[in-house]
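J.: Here is the input, now give the coordinates:
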Amino acid sequence: MHIATNFRKLAPRQAEALTHRARGLSNKETAEAMQCSVANVTNLLAECFYKLHARNSTEAVAKAVKHGFIQFALIASVLSGIGTDAQEQLRTRIQRRPTIRTIRIHNNREGIV
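T.: Numbers count the residues shown, from 1 in each chain. Here you go, the predicted structure:
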């Protein structure tokens, strides 16, 4: 299987949304920062994933930084500009997000739940 290595350049708003994601903001927080709807942010990030051939935000951010679509220095300067309390809150907020997996059982003949 051949994986495409040619990435399409991100539009300015897409790069902005991905930069906010790199800072750890949720879609709602990104929408507030960009003064748009949450649906718009979702669409912008989906386009980023598509253009960068990424499966998730982490992979999209890594590829965007690697290929110069977003500036790592900008992200680092934003993170270094916040105080230690805010850094700790950001760290614990990210750690608190649980991973939820849904398992469906088909053809449950015995009635076991």
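J.: When you work out contacts or count neighbours from here on, use the C-alpha atoms and nothing else.
T.: Noted.
J.: The helix ranked longest in the chain packs against which elements?
T.: Under DSSP state H, the helix in the chain containing the largest number of residues is helix 38-52. In terms of contact count using 3 or more CA pairs under 8 Å, 6 or more residues apart in numbering; DSSP states H and E, helix 38-52 is assigned the packing partners helix 12-22, helix 27-34, helix 57-66.
J.: Quick check: buried residues in the shortest one?
T.: I take that to be helix 27-34. Neighbour-count burial for helix 27-34 flags 27, 30-31, 34 (criterion: 16 or more other CA atoms under 10 Å).
J.: biggest separation within those residues, which pair?
T.: Asn27 and Met34 (10.2 Å; CA to CA).
J.: number of nearby residues for Val65?
T.: Taking other CA atoms under 10 Å as the criterion, the count of residues near Val65 is 17.
J.: I figured it was touching Leu52, is that so?
T.: No. At 10.8 Å, Val65 does not count as touching Leu52 under the criterion of CA atoms under 8 Å.
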